[in-house]
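Asks: dropping the sequence and predicted coords here.
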Amino acid sequence: MDSDRIAGSAKQVKGSIKEAIGKLTGDTKTQAEGAAEKVEGKVQNTAGGAKDAVRDATDK
């Protein structure tokens, strides 16, 4: 498993928590930052998945 996938997943979780805190407190800035961090995590996770797929294809 690529390190980008691990870091991306962690970033998604952190973003989800931050977004939820923003919703609970009514802080739209924190909510938006959390949503943006979730998207960054998804992109990083997808990039890691692509690296894994390339690595798997070249190992065969």
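Replies: Yep, that arrived. It should be emphasised that the depicted structure is a prediction, and the values quoted were computed from it without experimental measurement.
Asks: Ala10 is in contact with Glu40, isn't it?
Replies: No - taking C-beta atoms under 8 Å as the definition, Ala10 is not a contact partner of Glu40, at 11.0 Å. Where C-beta positions appear, they are placed from N, C-alpha and C, glycine not excepted.
Asks: pLDDT of whatever helix or strand Val43 lives in, averaged?
Replies: For Val43, the host element (DSSP states H and E) is helix 28-59. For helix 28-59, mean pLDDT rounds to 93.
Asks: buried residues in that helix?
Replies: 30-31, 34, 37-38, 40-41, 44-45, 48 (16 or more other C-beta atoms under 10 Å).
Asks: tabulate the residues you listed (TSV), appending distance to Ile17.
Replies: Formatted as TSV, the buried residues of helix 28-59 follow (distance: C-beta to C-beta, whole Å):
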residue	distance to Ile17
Thr30	10
Gln31	11
Gly34	7
Glu37	9
Lys38	10
Glu40	14
Gly41	12
Gln44	17
Asn45	16
Gly48	21
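Asks: between those, which sits nearest Lys18?
Replies: Nearest to Lys18 among the buried residues of helix 28-59, counting by C-beta to C-beta, is Gly34 at 3.2 Å.
Asks: these two touch, right, that closest one and Gly15?
Replies: Yes - Gly34 is within contact range of Gly15, at 4.7 Å (criterion: C-beta under 8 Å).
Asks: which residues touch the residue nearest the centre of the chain?
Replies: Ranked by distance to the mean C-alpha position of the chain (C-alpha atoms, centre = their mean), the top residue is Gly41 at 1.5 Å. By C-beta atoms under 8 Å, 6 or more residues apart in numbering, the contact set of Gly41 is 7-15.
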